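**Q** coords please:
(chains A, B and C)
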Amino acid sequence: MRLKFPILALTLEIITIILFAVFVDYDDGKHGGHGAHNTTHHDEKTEQDPLTLYPMFQDVHVMIFIGFGFLMTFLKRYGFSSVGLNLLLAAFALQWGLIMQGLWHLEDGKIKVSIFKMINADFSTATVLISFGAVLGKTSPVQLLIMTILEITIFGINEHLVAEILGANDVGASMIIHAFGAYFGLAVARMLYRPALRNSHENDGSVYHSDLFAMIGTVFLWMFWPSFNSAIAESGTDQLMAVTNTYFSLAACVLSAYAVSSLVEHKGKLDMVHIQNATLAGGVAVGTCADMDIGPFGAMIIGFVAGIISTLGFKFLTPILASNLGIQDTCGVHNLHGMPGILGGIAGIVAVALGKKNGSAAMQGAALASSLGFALVGGTITGLIMKLPFWGQPPDQNCFDDSIYWECRGRKGEKLCCTIEFNPGWPVL
Amino acid sequence: MRLKFPILALTLEIITIILFAVFVDYDDGKHGGHGAHNTTHHDEKTEQDPLTLYPMFQDVHVMIFIGFGFLMTFLKRYGFSSVGLNLLLAAFALQWGLIMQGLWHLEDGKIKVSIFKMINADFSTATVLISFGAVLGKTSPVQLLIMTILEITIFGINEHLVAEILGANDVGASMIIHAFGAYFGLAVARMLYRPALRNSHENDGSVYHSDLFAMIGTVFLWMFWPSFNSAIAESGTDQLMAVTNTYFSLAACVLSAYAVSSLVEHKGKLDMVHIQNATLAGGVAVGTCADMDIGPFGAMIIGFVAGIISTLGFKFLTPILASNLGIQDTCGVHNLHGMPGILGGIAGIVAVALGKKNGSAAMQGAALASSLGFALVGGTITGLIMKLPFWGQPPDQNCFDDSIYWECRGRKGEKLCCTIEFNPGWPVL
Amino acid sequence: MRLKFPILALTLEIITIILFAVFVDYDDGKHGGHGAHNTTHHDEKTEQDPLTLYPMFQDVHVMIFIGFGFLMTFLKRYGFSSVGLNLLLAAFALQWGLIMQGLWHLEDGKIKVSIFKMINADFSTATVLISFGAVLGKTSPVQLLIMTILEITIFGINEHLVAEILGANDVGASMIIHAFGAYFGLAVARMLYRPALRNSHENDGSVYHSDLFAMIGTVFLWMFWPSFNSAIAESGTDQLMAVTNTYFSLAACVLSAYAVSSLVEHKGKLDMVHIQNATLAGGVAVGTCADMDIGPFGAMIIGFVAGIISTLGFKFLTPILASNLGIQDTCGVHNLHGMPGILGGIAGIVAVALGKKNGSAAMQGAALASSLGFALVGGTITGLIMKLPFWGQPPDQNCFDDSIYWECRGRKGEKLCCTIEFNPGWPVL
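**A** Numbering: from 1, shown residues only, chains lettered A, B, ... in the order given. The predicted structure is shown next:
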């Protein structure tokens, strides 16, 4: 950390400010289009009040900074990094994302910032935060900033390809955010495989209160997911449909996630890991179809299935990925974003084929393949770059431990282990 | 738990999906009315933008899932269940509530889901969560799902009677949600009376950080209560009045709750239980009158009185209910929702009698009586059903303890008591 | 506390209710102006829907009650007071602020409450909560209520002078809220100087989970700051500009705050104090300029500089203020609100001089001087009044300790020290 991190952070920010000075201007409400989605309706909105989408933007903002940030505080000694590095990465990613997405849609040589563009900038950060979940606890801030630059750049290319060239539907971004972010992160995690962590690390677990902090993230994500899936939908009935479908998909997903968690656990108990994560799979999986006329019950079926798949993934697949494939997925993003994202993409193919929305099932399939392809290839290359010793990867014994990156002071200013409850000298623990 | 819970949860969700397939459709913006309240204005809104109420809906959503969920995490060993079962029950209740309320207002044989209906669905869950507070820590997930089904069904009948047949005002639902939910829960608690818990259970208390988690719930409930009380008001000045009255009622309530807490406690100290709960009584009590022309100072008087009553209730009445009447009210819902709800109903009778809103004082009185009657009878029957041994009530010694329903793992995967700070082997505690 | 606090609280609330009965009425949408800012546009809004600003109001509300409340829970034994007294002071301050601001703008002898006025009432509480941060842990609830009355009254005068008489721009209130609140609080802290606290108090520090609670406050403040800075801007492009500028200023500020924190700390580590606070300085500093045409990159430069200044202030200036000037600034409000507020005022002078907004650079300068002058003189007088022994200042050894004001009960109802993790009898600590 000593100097590499501050120099990199300052340099990146200065470069970004220069790019903003050259390319970025306020939205003046006069331009012709927003990009791929919903050109017509949102312009009409813009003529009325440029802040129509602002409440939805703020919901998405809460998901990014509180939702993702606190969801990852479940680790007992890694809460500062979870919520703190989440803030750092997202703050940089939204600036970088605005440029990387905006360069594809210049108006008079400028990126004109509207609330719509700010929502998309926040969206682009979501991919990075999902990938962050896969490598949580095992990467340095410098490595993560490198990942952010590369992932957002690649995300911008894939998003342009899927939305503009293929013309595929993905209003809630099951494919271009969730599946992309998850498989990108898993490819990075594979590249950064640490044999020494095969037997679970003593810090790689939760304590009672860290699990409660994580539930703050879960519940905010759960509540505001309808905003995520509908924010860039065409206003009017499409947007209402996206809200409705997501609301019910998530509700159905909760029931199936709880039921399956109880089915697969010892004595029918519930597992906090499942509850924190699998209850959200319905939001991911209904993303592509959210603004399609699949019926509320159709959305519920998607959510119901997603809750089952996601819970089973945490229970049975994650250990196999770690032990057999060398993919150490700290947060289980494969179960929350990966498989439900693919499920969402497939549901979108089926729904378009059934005429629930204008579009081409083939293009939907191509969009899913493109997202997975860019993710796996991009993540592999990014992982290889992140592995360069120069970036200062934390040693195995300091994984999942805030004290390597954070000052942890005690009563008299003396240095303390971060999670005092787990000091080895204490009884029972 | 072993199999009963997952089978019940899966079965309920599958039945619900089938009912949705038959009865539920998207709102197409073409229908003629929303039900009892505010037919005219909201339709005009709907023609403009079906998402006009969406920000208010999200505020209510936060109250239901974060507000109620975290408010109940004050128990030191029952945080997972508080926020986790809150999510489970609410996710099921909103689906069930949409049907139970919607069946009374079918359009072309369908329940057409609008944001307005989603708000009402969230409202119906509030009754269940209030009752949940009365029996918190002493009931199994299976028992609670049974309670949810029965309570929402009875709520739907009473709500229809009060709003449609009696034509009573209750915009913020002091009567049909708060008083109903509280007395329903108290009746259930009476039926589930446990003599062994007469001397307070060692787990029935808070620790420092659990009280702070609970304050997250308190503060979100407090902030968004103006949305709760105004969400289904007629748009325009009525809705603004509902926001204004609730905002000031809550502010006045805080001052009186703090003052009385200090007055009745040892050495003038404040009691966290009062602060977490009685500060909210102003929102409950102003509910019925919220959209009436009672003047901001009128709202403040209601809130001021509610804060006093509620705090005194926690201090003096709750112990009496437990020891003399066999009503063990874990969260003190009688003080937060019961008495303030009745106060709200009475304030509504007076306000209507004084001509602050069109209506009949007699019908307001009938609405209050109906809500209390349905609650007490319905709660008693529901409690008797919940008492059937088949549902697996937790034994006395496992009350208020997450470890009976949740996997609680330690560092190396070993099982640990949930609240490590309170391990009996530790010093001082 | 015994009787002074409840009597004062009840008396203040009763007086307030009487003042409301005389002076306060609902907004009927017919009046002619809102006060200093944006007369024209908001009236047009009001004619459409009086709740147009409601989502922005709720964002500001969250900043006041969750943001400020939890930001101050970083102290290990003072979390109840931080979030609890924050609620008490803010609930009173918003009522008092509505009157103190409204008396300058009576319409037909009445203060007519609109969402706009509720936002301004919430704003006035922010000054008190900032000053509260400077004296956190060292003042009784009675002292703080006295401070609230005096500070809001003085704030109302300065705000009227700056906005109406001088006609200065300060849409995001860098000067009239942040600089004012900070220097007012610092002047109070100087008057209440405690020599015995020169060597840091054993309770004046954080533990792991208290720092995580504080991050809830930080992140909500960070996310909703664009609402704070744009809520009272003219609707349309000005408001969008205020949102955009604040969004990017905050993002740039995060990068510089993290970088400088790492630069100045041991081994390049990050310090939670900096992350909790300095990441927000960009929101403060861009306040005055938020609705000016400074370009997104201009906003980012302001945020970037604010993040640097604020972090350096925490590291180097706060200890000097405490040891050399007798200013014991518990939360470091000088670094978060004071210096960034002045920076914002200066940026406003420059921006107006450069023609980025209509106005007079001289009047902007006068506004900054007025805000600092009223703050320092007002804070000094207020501090002297608060020092009167009658109000019951806590003794040195009970500073930063909840147990002096809060019942702290243990398992069997026995009294316990509030932060059990820090009982001196325990190992390591």
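**Q** is the one helix or strand residue A:246 maps to anywhere near chain B?
**A** Counting by DSSP states H and E, the element that carries residue A:246 is helix A:237-264. Yes: applying C-beta under 8 Å from any C-beta of the partner chain, one finds helix A:237-264 in contact with chain B at A:237, A:239-241, A:243-244, A:247-248, A:250-252, A:254-256, A:258-260, A:262-263. Quick note: C-beta positions are derived from backbone N, CA and C, even for glycine.
**Q** residue A:282 and residue A:302 touch, don't they?
**A** Yes: under the criterion of C-beta atoms under 8 Å, residue A:282 makes contact with residue A:302 at 6.9 Å.
**Q** any common contacting residues for these two?
**A** residue A:249 (C-beta atoms under 8 Å, 6 or more residues apart in numbering or on different chains).
**Q** the more surrounded of those two?
**A** Counted by other C-beta atoms under 10 Å in any protein chain shown, residue A:282 and residue A:302 do not tie: residue A:282 has more neighbours, with 37 against 32.
**Q** relative to chain C, which residue of the stretch 51-200 of chain A is the closest?
**A** When distances are taken as C-beta to the nearest C-beta, the stretch 51-200 of chain A reaches nearest to chain C at residue A:91, 3.7 Å away.
**Q** contacts only, for that residue.
**A** Per C-beta under 8 Å, 6+ apart, neighbours of residue A:91: C:250-251, C:254-255, C:279.
**Q** tell me the one of those nearest chain B?
**A** residue C:279 (20.7 Å).
**Q** so who does the closest one touch?
**A** Here residue C:279 is in contact with A:87, A:91, C:218, C:222, C:250, C:253-254, C:257-258, C:307 (C-beta under 8 Å, 6+ apart).
**Q** what's the pLDDT at the closest residue to residue A:406 other than its chain neighbours?
**A** For residue A:406, ignoring the flanking residues on the chain, the nearest one in space by C-beta to C-beta, 6 or more residues apart in numbering or on different chains is residue A:80 at 4.7 Å. With respect to pLDDT, residue A:80 scores 96.
**Q** re the thing from before, distance to residue A:74 and pLDDT added to the contacts of residue C:279, as TSV?
**A** Shown next, in TSV, are the contacts of residue C:279 (distance: C-beta to C-beta, whole Å; pLDDT from 0 to 100):
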residue	distance to residue A:74	pLDDT
A:87	17	98
A:91	22	98
C:218	19	98
C:222	22	98
C:250	26	98
C:253	28	98
C:254	23	98
C:257	26	98
C:258	23	98
C:307	29	98
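**Q** now, which of these sits nearest residue C:189?
**A** The nearest member of those to residue C:189, counting by C-beta to C-beta, is residue C:218 at 21.9 Å.
**Q** residue A:76 against residue A:203, yeah?
**A** Yes: at 6.8 Å, residue A:76 counts as touching residue A:203 under the criterion of C-beta under 8 Å.
**Q** so how far is the helix or strand harbouring residue A:220 from its chain's centroid?
**A** Assigned by DSSP H and E, residue A:220 falls within helix A:208-230. Chain-centre distance of helix A:208-230: 12 Å, with C-alpha atoms, centre = their mean, to the nearest Å.
**Q** with stretch A:100-117 instead?
**A** 22 Å.
**Q** now do the SS call for residue A:151.
**A** Using DSSP: H, G, I helix; E, B strand; the rest coil, the structure places residue A:151 in helix.
**Q** and what of residue A:112?
**A** strand.
**Q** before we move on, back to that, ok, now how distant is the residue of the stretch 51-200 of chain A closest to chain C from residue C:252?
**A** For residue A:91, the distance to residue C:252 equals 8 Å [C-beta to C-beta, to the nearest Å].
**Q** with residue A:52 instead?
**A** 26 Å.
**Q** quick one: low-confidence parts of chain A?
**A** Residue ranges of chain A with pLDDT under 70: A:1, A:31-48, A:409-429.
**Q** that one: strands as residue ranges?
**A** A:24-26, A:111-113 (DSSP state E).
**Q** mind giving me the packing neighbours of the last one?
**A** It refers to strand A:111-113. On a contact count with 3 or more C-beta pairs under 8 Å, 6 or more residues apart in numbering or on different chains; DSSP states H and E, strand A:111-113 meets strand A:24-26, helix A:79-102.
**Q** just the angle between the last one and helix A:208-230, please?
**A** Using axes from the mean of the first three to the mean of the last three C-alpha atoms, to 10 degrees, the inter-axis angle of helix A:79-102 relative to helix A:208-230 is 10 degrees.
**Q** okay, the helix holding residue A:220 in CSV with CA atoms only?
**A** C-alpha atoms of helix A:208-230 as CSV (Å, rounded to 0.1, in the frame of the first residue of the first chain):
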residue,chain,number,x,y,z
TYR,A,208,-23.5,-12.9,14.9
HIS,A,209,-23.4,-9.2,14.4
SER,A,210,-21.6,-9.2,11.1
ASP,A,211,-24.4,-11.4,9.8
LEU,A,212,-26.9,-8.7,11.0
PHE,A,213,-24.9,-6.0,9.2
ALA,A,214,-25.1,-8.1,6.1
MET,A,215,-28.8,-8.3,6.4
ILE,A,216,-29.0,-4.5,6.0
GLY,A,217,-27.5,-5.0,2.6
THR,A,218,-29.8,-7.9,1.7
VAL,A,219,-33.0,-6.1,2.7
PHE,A,220,-32.2,-2.9,0.9
LEU,A,221,-31.2,-4.8,-2.2
TRP,A,222,-34.4,-6.8,-2.0
MET,A,223,-36.7,-3.8,-1.5
PHE,A,224,-35.2,-1.6,-4.2
TRP,A,225,-34.7,-4.3,-6.9
PRO,A,226,-38.0,-3.3,-8.6
SER,A,227,-36.3,0.1,-9.2
PHE,A,228,-33.2,-1.5,-10.6
ASN,A,229,-35.2,-3.6,-13.1
SER,A,230,-37.5,-0.8,-14.1
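**Q** flag every residue of the stretch 101-250 of chain A that's near chain B.
**A** Counting by C-beta under 8 Å from any C-beta, the stretch 101-250 of chain A comes close to chain B at A:200, A:202, A:205-209, A:211-212, A:215-216, A:219-220, A:222-224, A:227, A:235-237, A:239-241, A:243-244, A:247-248, A:250.
**Q** filter the residues you listed by proximity to chain C?
**A** A:209, A:216.
**Q** I'd say residue A:49 and residue C:237 touch.
**A** No: under the criterion of C-beta under 8 Å, residue A:49 makes no contact with residue C:237, lying 10.4 Å away.
**Q** near chain C, which residues of the stretch 201-350 of chain A? Just list them.
**A** A:209, A:213, A:216.
**Q** can you redo those as JSON lines with neighbour count?
**A** Formatted as JSON lines, these follow (neighbours: other C-beta atoms under 10 Å in any protein chain shown):
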{"residue": "A:209", "neighbour count": "27"}
{"residue": "A:213", "neighbour count": "27"}
{"residue": "A:216", "neighbour count": "24"}
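**Q** mind checking how far the closest residue to residue A:179 other than its chain neighbours is from residue A:55?
**A** Spatial nearest neighbour of residue A:179, chain neighbours left out: residue A:341 (3.1 Å); criterion: C-beta to C-beta, 6+ apart. Residue A:341 is 26 Å from residue A:55, where distance means C-beta to C-beta.
**Q** before we move on, the earlier item: residue contacts, the residue nearest to residue A:179?
**A** When contacts are counted by C-beta under 8 Å, 6+ apart, residue A:341 is found next to A:174-175, A:177-180, A:182, A:284-285, A:287.
**Q** ok, residue A:11 next?
**A** Contacts of residue A:11 by C-beta under 8 Å, 6+ apart: none found.
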